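Chemist: please work out how this folds:
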Amino acid sequence: MTVLENLRQMLPELSKSERRAADYLLQYPNDVHRATCEGIAESSGSSRSAVIRLCQKLGYRGYAEFRYALRAEPSVPAGSGRDTLQTYLDELQRMQPLAGSPPLLRLAGDILHADHVLALGLLHSGMSARQLAFRLNRFGLDCNALDDVTLMEGYQSVLKQGDVVVIFSISGQNSYRDMILHYRNSGARVALVTMTAQAPIAKLVDEVFLLPRISHASSEYLLDDAIGFFTFVELLIEALHKIRFETKDAPARPDSL
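Modeler: Numbering: from 1, shown residues only. Now for the predicted structure:
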């Protein structure tokens, strides 16, 4: 019996919190390849202790041993199902309504007028924050990318009215909660780019951009979600060009002559 078959068979014996974690693992087993115990708990709406209890009920000492056992099982051979390239294309196509949308143009306008722009991302999402900073700097706008909580907290006394913070977080985790409150109290606008429909910090920010979670589009092997974040960055750059072009060609206002 495989790890997942054993997990499915044990469902009737689990508590509500354990069942939420189990249902999530059965639906998205590939998340185990890179997610911590805390990450699984947060994504499933469960708790770290419930995930550990679940692993122990399955016969493992903890999450690390469960993770090793699941990863050690033979995976489905590549090419036996949906084509990888087509999966990416299909999922990215779902972002089409975002291109040139009012929320994206609003964020681009805020960035153009901000004195400080921060791009935040922890762990794997830090790459997306660095990509946004790189693209904005090439566009001619200053942007600092931060992937360290201490540095993020340090900017609480730096940000002022009109500054912009863009957070990349697949799960919209609560680790940003206190920082967001400080940023907004300083007058900064905060945008969350996430892949979780009910992200814990979604209600705390000014704008939420929900992207498709590509890693959940395939059950064969783990696809990477960074391409979704990177595509968002390019759509934002496109919006910046659009605003700058329209502003450049717009007739001067009478009070500016």
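Chemist: let me see the ranges of the strands in this structure.
Modeler: 117-121, 144-146, 164-168, 189-194, 207-210 (DSSP state E).
Chemist: count of neighbours near residue 70?
Modeler: 19 (other CB atoms under 10 Å). In short, each C-beta sits where N, CA and C put it, glycine included.
Chemist: can you redo the strands of the chain as JSON lines with mean neighbour count, distance to residue 102 and mean pLDDT?
Modeler: Output for the strands of the chain, formatted as JSON lines (neighbours: other CB atoms under 10 Å; distance: least, CB to CB, whole Å; pLDDT from 0 to 100):
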{"stretch": "strand 117-121", "mean neighbour count": "26", "distance to residue 102": "20", "mean pLDDT": "96"}
{"stretch": "strand 144-146", "mean neighbour count": "20", "distance to residue 102": "26", "mean pLDDT": "95"}
{"stretch": "strand 164-168", "mean neighbour count": "28", "distance to residue 102": "17", "mean pLDDT": "97"}
{"stretch": "strand 189-194", "mean neighbour count": "24", "distance to residue 102": "13", "mean pLDDT": "96"}
{"stretch": "strand 207-210", "mean neighbour count": "19", "distance to residue 102": "10", "mean pLDDT": "96"}
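Chemist: may I see those strands organised as CSV, with distance to residue 31 added?
Modeler: Output for the strands of the chain, formatted as CSV (distance: least, CB to CB, whole Å):
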stretch, distance to residue 31
strand 117-121, 18
strand 144-146, 25
strand 164-168, 17
strand 189-194, 15
strand 207-210, 18
